[in-house]
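Peer 1: Sequence first, predicted model second:
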Amino acid sequence: QVQLVESGGGLVQAGGSLRLSCAASGRTFSSYNMAWFRRTPGKERNFVAAVNWSGGGTYYAGSVKGRFTISRDNAKNTVYLQMNTLKPEDTAVYYCAAALKSQSIAVTLERRFDYWGQGTQVTVSS
């Protein structure tokens, strides 16, 4: 089992920045690729970004590429999502997720991820 706890969400004005964190506990953190998803009310969770087990590879959804940066610190068992130039359409509940490192980081299907956090709300006002 892997337990994931997100933090860092909040209310920010359009154009602002936030950094989300996801702390992992349980099995060896470096055995997993990590990803961020987000969900708006009434919709499915959508892929945002992923980072491979070592931090050396990343993959982004087109809507956030160039504005968001995913990274991880294996010594701290934590994955981050730095979000810059935020837009109102980025408003959502953000979730971190884990998948075994054998899975390609280009896999964006929600059902392919094994562990999930509870989510943290990000609200961007216009």
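Peer 2: All right, it came through fine.

Peer 1: Residue 17 and residue 122: what is the separation?
Peer 2: According to CB to CB, to the nearest Å, residue 17 stands 11 Å off from residue 122. For the C-beta atoms, the positions are set from N, CA and C on the backbone; glycine is no exception.

Peer 1: Looking at these two, which is more packed in?
Peer 2: The residue with the greater number of neighbours, taking residue 17 and residue 122 and applying other CB atoms under 10 Å, is residue 122; the counts read 21 against 11.

Peer 1: quick one, what contacts the nearest residue to that one once chain neighbours are set aside?
Peer 2: Take residue 122 and drop its neighbours on the chain: the residue closest to it by CB to CB, 6 or more residues apart in numbering is residue 9, 4.8 Å away. Applying CB atoms under 8 Å, 6 or more residues apart in numbering to residue 9 gives the contacts 18, 20, 93, 94, 120, 121, 122.

Peer 1: one step back: quickly list what's touching both of residue 17 and residue 122.
Peer 2: 83, 86.

Peer 1: Mind telling me what element the spatially most central residue of the chain is part of?
Peer 2: Ranked by distance to the mean C-alpha position of the chain (CA atoms, centre = their mean), the top residue is residue 36 at 2.0 Å. Applying DSSP states H and E as the criterion places residue 36 in strand 32-39.

Peer 1: strand partners of the helix or strand that comes right after that strand, parallel vs antiparallel please.
Peer 2: Toward the C-terminal end, the helix or strand that comes next after strand 32-39 (DSSP H and E) is strand 46-51. Here strand 46-51 is paired, per DSSP bridges, with strand 32-39 (antiparallel), strand 58-60 (antiparallel).

Peer 1: Packed most tightly, which of these would that be?
Peer 2: Between the strands paired with strand 46-51, the one whose residues have the most neighbours on average, counting mean count of other CB atoms under 10 Å, is strand 32-39 (a mean of 24).

Peer 1: How far off centre is it?
Peer 2: The gap between where strand 32-39 is centred and where its chain is centred comes out at 4 Å by CA atoms, centre = their mean, to the nearest Å.

Peer 1: Tell me the bridge partners for the residue nearest to the centre of the chain.
Peer 2: Beta-bridge pairing of residue 36, defined through DSSP bridges, involves residue 49, residue 96.
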